[in-house]
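S.K.: what shape does this take:
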Amino acid sequence: MNRPMRRKDRLVSDFDEMVSIASRARQIIIGMVDDGQPYLVPLDFGYKVHDGILSFYCHSASQGRKIDLMKKNPHISFVLPHSFRIGLGNVPVMWTNAFESVMGEADVVFLEDFDEKLEATQLLMDRYDMGKIPESVYRTLNHMECYRMDVTSMTGKSNLTRQQRDNWGFVESLQRKINDPTVLLSTIRKDLEALGNPDSEEPESK
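M.R.: Model (predicted):
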């Protein structure tokens, strides 16, 4: 039984918003159980929404601990974290941690068909802007495990407004400014105020 989120003001329940948050995560972390002990693995991933179901796609060697565990119990948990530290030293009123995440449960389906493996691998390539699959990789697909994780339940959390989540790029830009000693403190202050105030104009992304 899922426990209700304590901070309901940070709950993200809209499906499209959760997919958007997932799309910005750099990796997916999957959780399994190995003889009563938790086992977590970070993975690169591709994703696709089909018939209202979000699916993640991964591949790996055909043997290993996670493969054995997923074949033994294909029901896994997952989290896609995305967080940036926005800060200026120890000045309390001038820092915050901007974050968004999606977590949930999914069922693993191992792909046997070559075309399905090809699609899964291409989704991974697309996810990281790596272009088309080289033909030299084709012959290795039959020696790899490609698998799809169909989400059965998920929830999102964020301390940003929907408008800020939809424009996550300015948060990344703000972090770069904070790390740049040539940027004036007054500029960063205005951007921080805009981050905390959804009615303010968005910070410049340059």
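S.K.: test my guess that residue 48 contacts residue 123.
M.R.: Yes - contact criterion C-beta atoms under 8 Å: residue 48 and residue 123 qualify, at 6.1 Å. All C-beta spots, glycine's among them, are computed from the backbone N, C-alpha and C.
S.K.: what's the closest residue to residue 178 other than its chain neighbours sitting at in phi/psi?
M.R.: For residue 178, the nearest residue in space outside its immediate sequence neighbours is residue 188; the separation is 5.9 Å by C-beta to C-beta, 6 or more residues apart in numbering. The phi/psi pair for residue 188 (degrees, to the nearest 10) reads phi -70, psi -40.
S.K.: start the count at 59 instead of 1 going forward.
M.R.: In the new count, where the first residue is 59, that last one comes out as residue 246.
S.K.: give me the number of residues near residue 246?
M.R.: Residues lying near residue 246 (other C-beta atoms under 10 Å) number 18.
S.K.: swap in residue 178?
M.R.: Residue 178: 24 surrounding residues under other C-beta under 10 Å.
S.K.: before we move on, which element is it in?
M.R.: Element membership for residue 178, per DSSP states H and E: helix 172-185.
S.K.: dump whichever helix or strand comes after that helix to PDB, keeping only the CA atoms.
M.R.: Beyond helix 172-185 in the direction of the C-terminus, DSSP H and E gives the next helix or strand as helix 193-196. Taking Å, rounded to 0.1, in the frame of the first residue of the first chain, the C-alpha atoms of helix 193-196 are listed here in PDB:
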ATOM      1  CA  GLU A 193      25.600  -1.400 -38.500                       C
ATOM      2  CA  SER A 194      28.600  -3.000 -36.700                       C
ATOM      3  CA  VAL A 195      26.400  -3.100 -33.600                       C
ATOM      4  CA  TYR A 196      23.600  -5.100 -35.200                       C
END
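S.K.: got the contact list for helix 193-196?
M.R.: Residues external to helix 193-196 that are found in contact with it (C-beta atoms under 8 Å, 6 or more residues apart in numbering): 176, 179.
S.K.: got the buried residues for the following helix or strand past that helix?
M.R.: Heading C-terminal from helix 193-196, the first helix or strand you meet, by DSSP H and E, is strand 202-216. Taking 16 or more other C-beta atoms under 10 Å as the basis for neighbour counts, the residues of strand 202-216 that come out buried are 202, 203, 204, 205, 206, 207, 209, 212, 214, 215, 216.
S.K.: list the contacts for residue 241?
M.R.: Contacts for residue 241 were tallied using C-beta under 8 Å, 6+ apart; they are residue 235.
S.K.: tell me if residue 128 really is in a strand.
M.R.: No - judged by DSSP: H, G, I helix; E, B strand; the rest coil, residue 128 forms no part of a strand; its state is helix.
S.K.: for the nearest residue to it once chain neighbours are set aside, give me the pLDDT.
M.R.: The spatially closest residue to residue 128, leaving aside those adjacent along the chain, is residue 166, at 4.7 Å (C-beta to C-beta, 6+ apart). At residue 166, the predicted lDDT confidence score is 97.
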